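Visitor: Give the three-dimensional model of this entry:
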Amino acid sequence: MSIRLQFLREAWSFLSTFVGRPGEVVVDATNNRLAVHDGTTPGGFPTVTAADLKTLQNVTRLGLGTTADAQNPFAAKLNKALWTALTVGEGGTGDLRYTL
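Guide: Numbering: from 1, shown residues only. Below is the predicted model:
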């Protein structure tokens with residue numbers, strides 16, 4: 001069995017409409033990320049970057065160690081959890097407040 005790995009490097013303006021072969025990986029030179037293709041979806045499935053993970057906004061479900069669902073949009077299955085307040089030196093007040 002031989003496997004050939006070939007990367008296509010283009011701007012997102014081209015890649016957003018490109019339909020690659022199943023498993024084909026392309027390099028999005030505009031957004032500095034990879035996209036994996038399934039053979040039918042224009043633009044493929046872009047990967048996340050480290051910058052994407054620094055700011056998560058409008059997440060409708062989040063599961064940590066378990067699966068979140070409609071009844072439990074935030075679900076965590078953990079042995080321990082640590083919540084810590086921002087100190088004054090970090091731009092916070094030093095107080096941690098919970099509202100349940």
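Visitor: Okay, buried residues for stretch 15-31 please.
Guide: Neighbour counts over stretch 15-31 (16 or more other Cβ atoms under 10 Å) mark 15, 18, 20, 24, 26, 28, 31 as buried. C-beta: built from backbone N, CA, C; applies to glycine.
Visitor: Narrow those to those in strands?
Guide: In strands, judged by DSSP state E, the following of those are found: 26, 28.
Visitor: can you tell me which two in the buried residues of stretch 15-31 are farthest apart?
Guide: The span of the buried residues of stretch 15-31, defined through Cβ to Cβ, is set by 24 and 31 at 17.5 Å.
Visitor: Turn the buried residues of stretch 15-31 into TSV, columns for pLDDT.
Guide: Converted to TSV, the buried residues of stretch 15-31 look like this (pLDDT from 0 to 100):
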residue	pLDDT
15	91
18	93
20	90
24	89
26	91
28	90
31	88
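Visitor: Nearest to residue 40 among the buried residues of stretch 15-31?
Guide: Relative to residue 40, and with distances defined as Cβ to Cβ, the nearest of the buried residues of stretch 15-31 is residue 20, at 9.8 Å.
Visitor: Looking at the buried residues of stretch 15-31, which one is closest to residue 56?
Guide: residue 31 (17.1 Å).
Visitor: Pretty sure residue 10 is one of the things that closest one touches, is it not?
Guide: No - here residue 31 does not reach residue 10: they are 11.4 Å apart, not a contact under Cβ atoms under 8 Å.
Visitor: tell me which of the buried residues of stretch 15-31 is nearest to residue 68?
Guide: residue 31 (26.9 Å).
Visitor: Spit out the contact partners of that closest one.
Guide: By Cβ atoms under 8 Å, 6 or more residues apart in numbering, the contact set of residue 31 is 12, 46, 49.
Visitor: ChimeraX command for the buried members of those?
Guide: Here is the ChimeraX command that selects the buried residues among these (16+ other Cβ under 10 Å):
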select :12,46
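Visitor: Which of the contacts of residue 31 fall in helices?
Guide: Judged by DSSP state H, helices contain the following of those: residue 12.
Visitor: Redo the contacts of residue 31 as CSV? Include pLDDT.
Guide: Listed next are these as CSV, based on pLDDT from 0 to 100:
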residue, pLDDT
12, 90
46, 92
49, 83
